[in-house]
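Undergrad: Sequence and predicted structure, then a few things I'm wondering about:
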Amino acid sequence: MRTLVLEEFGRMALADRPIPEVAIGEVLIRVAFTGICGSDIHGYTGHNGRRAVGQVMGHESSGTIEGFGPGDAPFGLAIGDAVTFNPVVLPLEDRVEFVDREQHSPRKSVIGVDPARYASFADYVVVPAVNVLRLADGMPVEHGALVEPTAVALHAARRAGVTVQERVLVIGGGPIGQSVVLVLQALGVPEIYVSEISPGRRSLLEGMGVPVIDPSAGDLLGALGRHGGPVDVVIDAVGSTHSLADALACTVLGGTVCLVGMGEPQVRLDAFQISTAERTLVGSFTYSARDFADAAALVADNPLTAWSLISRVIGPESADEAFTDLANGDDIPGKVLVAFTKTTEYAK
């Protein structure tokens, strides 16, 4: 099968590898589409230390079921089903203890992060049957690759405790920030604002019907003042010293900031912006299995918005170039999908 291998930091190459064997309790998925995640870009550059040379990455995926482990016929799944998969894998003995908080299991592994297994920048991927989710009838298979980032966004909104009475600012309008907007709109949040420096991303977000502020044009809090002033909740999808400073400054006294972005491993904070202002700062990482299933339903229910989030679909032979472009900050507004189907390359 074709795989995209991280041959060295800054270079991805196609390589032929054997199709992995399928054990009892596992499912073989013929990959159709895999999205390029920001964490994959950081892995590609070697920036975050969470990927290894020689690894096959990929975790935002969709495809069809090709086979099951010996003697298996998992309930609710059949050969040929269009599916996606939750990449957070728990050992069997942890599934009861960590139900609805699977991401907290200290023994979890994450497909696409764990270098010990081939992930889904490949023609085939093997995952536990319990992690496989059948796509809703009529849901485009491309949209199955958007479920994982939407699950990240939904979990962040839930961690922030967002309600429909609150005004929300999203800092960072990349694919995660865009997914946060999709989630907030689906939840019925009436006032959503986004801070984004990229013109292309601002245009995409404006097409989603939300006011977008260019933070490079001046003081973000001042610009927000033209929209009613500080908000109740800020979801920081950047994760830097600067973005967190903006997030705290733009939140009302007693408000909440949720950090979901991972732009910098270490940041500096103005402690008084938290303590004396009684703001709450919460972290958000991945999602629970319930979040993942709910995110699949949100994507299925919002097909027009989902299509707007896909900017480019490429063949695996073009992946290294796309990784380089994204790593260099090229203004690709939305998600780039790598197609392991007969599709070669097209742009929306």
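TA: Looks like it arrived, so ask away.

Undergrad: Quick one: low-confidence residue ranges for the protein.
TA: By pLDDT under 70, the low-scoring segments of the chain are 48-49, 343-348.

Undergrad: partner strands of the one helix or strand residue 170 maps to, parallel or antiparallel?
TA: Using DSSP states H and E, the element containing residue 170 is strand 167-171. Using DSSP bridges, the strands paired with strand 167-171 in its sheet are strand 191-195 (parallel), strand 231-236 (parallel).

Undergrad: how far out from the middle of the chain is stretch 183-194?
TA: 18 Å (Cα atoms, centre = their mean, to the nearest Å).

Undergrad: same thing with stretch 171-188?
TA: Distance of stretch 171-188 from the chain centroid (Cα atoms, centre = their mean) equals 11 Å.

Undergrad: in it, what counts as buried?
TA: For stretch 171-188, the buried set under the neighbour-count rule, 16 or more other Cβ atoms under 10 Å, comprises 171-187. Yep, even glycine has a C-beta here, placed from its N, CA and C like the rest.

Undergrad: if we can go back for a sec, can I get the strands paired with strand 167-171 in JSON lines including distance to residue 330 and mean neighbour count?
TA: JSON lines is the format used below for the strands paired with strand 167-171 (distance: least, Cβ to Cβ, whole Å; neighbours: other Cβ atoms under 10 Å):
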{"stretch": "strand 191-195", "distance to residue 330": "20", "mean neighbour count": "23"}
{"stretch": "strand 231-236", "distance to residue 330": "23", "mean neighbour count": "26"}
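
Undergrad: now the ones you listed in a markdown table, with distance to residue 108?
TA: What follows is those, written out as a markdown table (distance: least, Cβ to Cβ, whole Å):
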| stretch | distance to residue 108 |
| --- | --- |
| strand 191-195 | 31 |
| strand 231-236 | 24 |
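
Undergrad: Out of those strands, the one nearest residue 112 is which?
TA: strand 231-236 (23.0 Å; Cβ to Cβ).

Undergrad: chain center to that closest one: distance?
TA: Mean-position distance between strand 231-236 and its chain equals 19 Å (Cα atoms, centre = their mean).

Undergrad: Quick check: what element follows that strand along the chain?
TA: helix 241-249.

Undergrad: Now do that next one and strand 191-195, the angle between them.
TA: In terms of direction (axes from the mean of the first three to the mean of the last three Cα atoms, to 10 degrees), helix 241-249 departs from strand 191-195 by 150 degrees.

Undergrad: Which residue ranges of this structure form helices?
TA: For the chain, applying DSSP state H gives helices covering 38-45, 141-144, 147-160, 175-187, 199-207, 220-225, 241-249, 271-275, 289-301, 303-308, 319-327.

Undergrad: Identify the residues contacting the shortest one?
TA: Helix 141-144 has contacts (Cβ atoms under 8 Å, 6 or more residues apart in numbering) with 32-33, 61-64, 82-84, 135, 296, 299-300, 303, 306-307, 310, 313, 337.

Undergrad: ok, 10 Å please
TA: With Cβ atoms under 10 Å, 6 or more residues apart in numbering as the test, helix 141-144 has contacts from 32-33, 35, 60-64, 82-85, 133-136, 150, 296, 299-300, 302-303, 305-307, 309-310, 313, 335, 337, 339, 341, 343.

Undergrad: Select only the buried ones of those in PyMOL?
TA: Buried residues within these, by 16+ other Cβ under 10 Å, are selected in PyMOL with:
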select buried, resi 32+33+35+60+61+62+63+64+82+83+84+85+133+134+135+150+296+299+300+302+305+306+309+310+313+335+337+339+341
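
Undergrad: among the contacts of helix 141-144, which are in strands?
TA: Residues of those located in strands (DSSP state E): 32-33, 35, 60-64, 82-85, 133-134, 310, 313, 335, 337, 339.

Undergrad: For residue 60, give the beta-bridge partners.
TA: Residue 60 has these beta-bridge partners by DSSP bridges: residue 35.

Undergrad: Could you pull up the residues touching the residue nearest to the spatial centre of the chain?
TA: Nearest to the mean C-alpha position of the chain, by Cα atoms, centre = their mean, lies residue 149 at 2.3 Å. For residue 149, the contact set (Cβ under 10 Å, 6+ apart) comprises 35, 37-38, 59-60, 174-180, 182, 287, 295, 299, 309, 335.

Undergrad: Now with 7 Å, please.
TA: Neighbour list for residue 149: 35, 60, 175-176, 179 [criterion: Cβ atoms under 7 Å, 6 or more residues apart in numbering].

Undergrad: Distance to residue 21 added to those residues, as JSON lines?
TA: Shown next, in JSON lines, are the contacts of residue 149 (distance: Cβ to Cβ, whole Å):
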{"residue": "35", "distance to residue 21": "26"}
{"residue": "60", "distance to residue 21": "24"}
{"residue": "175", "distance to residue 21": "33"}
{"residue": "176", "distance to residue 21": "34"}
{"residue": "179", "distance to residue 21": "34"}
